[in-house]
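*Asks:* Next comes the sequence, and after it the predicted model I'd like to discuss.
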Amino acid sequence: MGVLSLIIKREFIAKVRNKSFIVMTFLSPLLIVGMSFLIGYLANMNKGEITKIAIHDEAGILKSDFKNDKETQYVDLSAMPLKLAKDTAAKNYEGLIYVPKVSNTEELSTKVEYISDDSPSMESIMSMEKVIDNKLTHENLKKLGFDAAKIDAAKVDSDIHLSKFSGEDSLKGLNEIKVGIGGAFGYLIMMFIIIYGNMVMRSVIEEKTNRIIEIIISSVKPFQLMLGKIMGTSLAGILQFAIWAILGGVLMFGISSFFGVQPGASSTVSPEMMEMAQKEMGTVQTYIRELWNLPIGTLTVAFIIYFIGGYFLYSSLYAAIGAAVDSETDSQQFLFPIIMPLMLGVYVGFFTVINDPHGTVATVFSMIPLTSPIVMLMRIPFGVPVWQLILSIVILFATFITVVWFASKIYRVGILMYGKKPTWKELYKWLKY
Amino acid sequence: MSNILEVKNVVKQYGDYTALNSVSLQVPKGSIYGLLGPNGAGKTSLIRIINQITMPDSGEVILDGEKLAPNHVSVIGYMPEERGLYKTMKVGEQALYLAQLKGMSKADAQKQLKYWFEKFEIEAWWNKKIQELSKGMAQKIQFIVTILHQPKLLILDEPFSGFDPVNANLIKDEIIELNKKGTSIIFSTHRMESVEEMCDYIALIHKSNKLIEGKLEDVKRQYRTHKFQVGIVSNNVEGLMYDLTQKFTVGQTNFKSLNDDLKLEIDLGGATQNELLSILTRNGQVTHFTETIPSVNDIFIQTVTNKK
């Protein structure tokens, strides 16, 4: 058996046998599935509650306009004196809407008060304001001699229909879905790099602190050891991800069918929703067709390529850092510059790609090798020109080879240095040894 | 006798610092070769080059007649000064892994391991993790994995540091036995007693330069001071001293003796031993007569301090 495969095998077995690895592998899906159900459950619980709000309308104009709905119930306390209404509301209700007596209804636009010890949500304030706006606008129209009912009837709610030049229907919100899919892949790469890059680093530090490193590299080349370590760790990582995917899927399916709830969904399917769903059936079909129209092949191939390029690029940096330091606590200073571009990639991806997937910022970041594995994957669902894809991959792999070469130099020197934390300057000097 | 290892004009620089300044060595086949030098002299740098952990900037290394090449790792056994094992890996698996990295087949490694585990009576440790073993136990494993692949050349960097006396002795005996079976051994140390006891060749490296190299007796001969320790029982001490001081430089000394004798250290100067002996025998009964042989320690300290 070749030396490299021996190292890969050892690293893989060492990782997989590790207790924390086993615990993480089997506990994480349980935790994640459990969490998502908990969130779904809590959201549902909140939905069932009815907020009761009192109204004291001295003007007698607005009280009939606040209409009860599923979540809010309005109680008219206008008959009580204000003082008593306040006391009652403070004790029994969420808050009190106070409409003072005014000579001119226009004044009401600024005079209505909402009294409550809880600070109300933006959403509820806006809906209250909307009621008042509506009412006062109607009053104004009436004064000006218009027939409010006719105006209401004349109002139009437009809905732009999206389609492609090929004649197919297109959909709103598709950008979000596309970014979501690309983002999921990009995010997966980032998570993988952070988790398993760290693992590579720890394993290098372990060999240093155990003092076995010199024995190993008297038998094999440091580069072989580094490469074997990175590959063995990634295999363990892929195994872990695969187990997570399978276990998570099985758990999701099992629990959903058992309880008949959807994780994270707002509520169980009500009859109205069913009705709506039927109406929307056509739309859903369009969505599904759009999803199938996504460049799934390109996306999968690109994911594998960017995954390999990105992971090796970063994990060789992690290995170099592990070699340079004596303990994990010393590594923080050097880790920061690694995490930075990863974070940047994710943020740039989510904020710029969604607005303008082919804009300058998104294009540039999908070329920079430190961010391209994340940003480019987010762009691919929008259709990226082939030349850009090739250029980005070429840059990534050129950088990957250079960085691995540099990292292996630092690694080679670093693993034999004990007892002190090097400075950036020293790391630079090591490159020339 | 041919050489197992020849180092020719090896230069190694780290940035501006010169770790080895054109160092040449010749290690004869079948010898126990002591590589001496104070801390930071360049011993470890040289050993790492021989093990191909680092490459020399210039110069070359010849191993058993061939220019050093990657496949030579299988004929060299190396126990570095900074040594250890994977703490969470099982003893047996670890030993197999390290042996396979050295190019042994799995079956071969298993056979050899069985032999050594039986020899040291440690079969029960096979499935234990290193962290479950005591330090002394781990040291035995460390030694076994170093020699398991039956290297032609064994390089031990400070082999006894960190070993307890019992283990140190055990290892020493094994080293001597391996040497008798034909293994050449390079021994890097600054512990002079073990050198005196075991080595037949030495080289002294100081401040990146080789200062001395040769057979142990030859080096000692080179550093002989022509001083003799003399024990004599004499009735005529004054006469004796007079005769002696005419020709030689005489000092007091001390050594173990059962006689109530005068203990002197005499520098021959340019004279011969017989001239000294004739003066002595004329003046009394000689009970002790030995040349003062410089110890490796003396040579070491003398050379190193002279070069400062």
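*Replies:* Nice, thanks for sending it over.
*Asks:* rest of the way, CA atoms for contacts and neighbours
*Replies:* Noted.
*Asks:* residues contacting the residue in the stretch 201-308 of chain B positioned nearest to chain A?
*Replies:* Nearest residue of the stretch 201-308 of chain B to chain A (Cα to the nearest Cα) works out as B:Ser208 at 17.2 Å. Shown in contact with B:Ser208 (Cα atoms under 8 Å, 6 or more residues apart in numbering or on different chains): B:Thr18, B:Ala19, B:Leu20, B:Asn21, B:Val23, B:Ala41, B:Gly42.
*Asks:* got a winner among those for most neighbours?
*Replies:* Most neighbours among the contacts of B:Ser208, by other Cα atoms under 10 Å in any protein chain shown: B:Leu20, with 26 neighbours.
*Asks:* And the closest residue in space to that residue that isn't next to it in sequence, its phi and psi?
*Replies:* Nearest residue to B:Leu20, sequence neighbours excluded (Cα to Cα, 6 or more residues apart in numbering or on different chains): B:Ser208, at 4.4 Å. Backbone torsions of B:Ser208, given as degrees, to the nearest 10, read phi 70, psi 0.
*Asks:* Show me the chain divided up by domain.
*Replies:* Because you didn't say which chain, this covers chain A. Using automatic domain parsing, the domain ranges for chain A come out as A:50-151, A:176-250+A:293-430.
*Asks:* you looked at the wrong chain, it should be chain B
*Replies:* According to automatic domain parsing, the ranges for chain B are B:3-221, B:225-292.
*Asks:* looking at the domains of chain A, which one has the lowest mean pLDDT?
*Replies:* Ranked by mean pLDDT, the domains of chain A end with domain A:50-151 at the bottom, a mean of 82.
*Asks:* tell me which element B:Lys263 is part of?
*Replies:* Assigned by DSSP states H and E, B:Lys263 falls within strand B:262-267.
*Asks:* What pairs with the lengthiest strand in chain A, parallel or antiparallel?
*Replies:* Criterion DSSP state E: the longest strand present in chain A is strand A:51-57. As defined by DSSP bridges, the strand partners of strand A:51-57 come to strand A:72-76 (parallel), strand A:95-99 (parallel).
*Asks:* just how off-centre is that strand within its chain?
*Replies:* 38 Å (Cα atoms, centre = their mean, to the nearest Å).
*Asks:* same question, stretch B:192-208
*Replies:* 4 Å.
*Asks:* in it, what's buried?
*Replies:* B:195-196, B:198-208 (16 or more other Cα atoms under 10 Å in any protein chain shown).
*Asks:* want to throw these into JSON lines with secondary structure and pLDDT?
*Replies:* Formatted as JSON lines, the buried residues of stretch B:192-208 follow (DSSP: H, G, I helix; E, B strand; the rest coil; pLDDT from 0 to 100):
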{"residue": "B:Val195", "secondary structure": "helix", "pLDDT": "84"}
{"residue": "B:Glu196", "secondary structure": "helix", "pLDDT": "83"}
{"residue": "B:Met198", "secondary structure": "helix", "pLDDT": "87"}
{"residue": "B:Cys199", "secondary structure": "coil", "pLDDT": "90"}
{"residue": "B:Asp200", "secondary structure": "coil", "pLDDT": "90"}
{"residue": "B:Tyr201", "secondary structure": "strand", "pLDDT": "92"}
{"residue": "B:Ile202", "secondary structure": "strand", "pLDDT": "90"}
{"residue": "B:Ala203", "secondary structure": "strand", "pLDDT": "91"}
{"residue": "B:Leu204", "secondary structure": "strand", "pLDDT": "90"}
{"residue": "B:Ile205", "secondary structure": "strand", "pLDDT": "90"}
{"residue": "B:His206", "secondary structure": "strand", "pLDDT": "88"}
{"residue": "B:Lys207", "secondary structure": "coil", "pLDDT": "88"}
{"residue": "B:Ser208", "secondary structure": "coil", "pLDDT": "88"}
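*Asks:* Which member of those is positioned nearest A:Ile308?
*Replies:* B:Ser208 (44.6 Å; Cα to Cα).
*Asks:* those helices in the stretch 151-300 of chain B, which residues are they?
*Replies:* Using DSSP state H, counting those that start in this stretch, the helices of the stretch 151-300 of chain B run over residues B:165-180, B:192-198, B:216-222, B:237-247, B:273-283, B:296-306.
*Asks:* Other residues contacting the second one?
*Replies:* It stands for helix B:192-198. B:Ile32, B:Gly34, B:Ile176, B:Thr189, B:Ser295, B:Val296, B:Asn297.
*Asks:* ok, and the most crowded of those?
*Replies:* B:Gly34 (29 neighbours).
*Asks:* ok, now which ones touch that residue?
*Replies:* B:Ile186, B:Phe187, B:Ser188, B:Thr189, B:Val195, B:Cys199, B:Asp200, B:Tyr201, B:Ile202, B:Ala203.
*Asks:* Whichever strand or helix holds it to strand B:201-206, inter-axis angle?
*Replies:* Assigned by DSSP H and E, B:Gly34 belongs to strand B:32-36. Put simply, strand B:32-36 runs at 10 degrees to strand B:201-206, going by axes from the mean of the first three to the mean of the last three Cα atoms, to 10 degrees.
*Asks:* I'd like the next helix or strand past strand B:32-36.
*Replies:* Trace forward from strand B:32-36 with DSSP H and E and the next one is helix B:43-50.
*Asks:* Extract the CA atoms of that next one and return them as PDB.
*Replies:* C-alpha atoms of helix B:43-50 as PDB (Å, rounded to 0.1, in the frame of the first residue of the first chain):
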ATOM      1  CA  LYS B  43      24.000  18.100  15.500                       C
ATOM      2  CA  THR B  44      20.300  17.900  15.000                       C
ATOM      3  CA  SER B  45      20.500  19.900  11.800                       C
ATOM      4  CA  LEU B  46      23.000  17.300  10.500                       C
ATOM      5  CA  ILE B  47      20.900  14.400  11.600                       C
ATOM      6  CA  ARG B  48      17.800  15.800  10.000                       C
ATOM      7  CA  ILE B  49      19.700  16.100   6.700                       C
ATOM      8  CA  ILE B  50      20.800  12.400   7.000                       C
END
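*Asks:* which residues sit against that helix?
*Replies:* Outside helix B:43-50, the residues that reach it (Cα under 8 Å, 6+ apart) are A:218, B:12, B:19-20, B:35-37, B:54-56, B:61, B:68, B:155, B:157, B:188, B:205.
*Asks:* That helix vs strand B:32-36, what angle?
*Replies:* 130 degrees.
*Asks:* what separates the helix or strand that helix B:43-50 is followed by from the chain centre, distance-wise?
*Replies:* Scanning forward in sequence from helix B:43-50 by DSSP H and E, the next helix or strand is strand B:58-63. Relative to its chain's centre, strand B:58-63 lies at 22 Å (Cα atoms, centre = their mean).
*Asks:* Much appreciated, bye for now.
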